[in-house]
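Colleague: sequence-free structure coming up:
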């Protein structure tokens, strides 16, 4: 039987934390979670655009689609605020 891959890689968590800090100005648990969701969604959108289009067109996913857009908008805002401070 083959060994299952680890689902939690501390180094990757650290990378995500630093990325969140550099992107938004601080790495709170909420922001890390938002960045993680954005990264996953963005990757799927780039790799399988038809899947994301289909998923987003389904009525039961409209709220989730709106929530993702809110997340993206918030991350952009934080990034712009951070850039102004620099």
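Modeller: Nice, thanks for sending it over. Computed from a predicted structure; not experimentally measured. Numbers count the residues shown, from 1 in each chain.
Colleague: what packs against the helix or strand containing residue 62?
Modeller: Using DSSP states H and E, residue 62 maps to helix 62-85. Packing contacts for helix 62-85, counted by 3 or more Cβ pairs under 8 Å, 6 or more residues apart in numbering; DSSP states H and E, involve helix 10-24, helix 29-47. For every residue, glycine as well, the C-beta is placed using N, CA and C.
Colleague: give me the angle between the first one and helix 62-85.
Modeller: Right, helix 10-24. Inter-element angle recorded for helix 10-24 and helix 62-85: 70 degrees (by axes from the mean of the first three to the mean of the last three Cα atoms, to 10 degrees).
Colleague: which residues does residue 16 contact?
Modeller: 32, 35, 36, 39 (Cβ atoms under 8 Å, 6 or more residues apart in numbering).
Colleague: closest to residue 80 among those?
Modeller: Distance to residue 80, by Cβ to Cβ, is smallest for residue 35 among the contacts of residue 16, at 15.3 Å.
Colleague: fine by me, we can end here.
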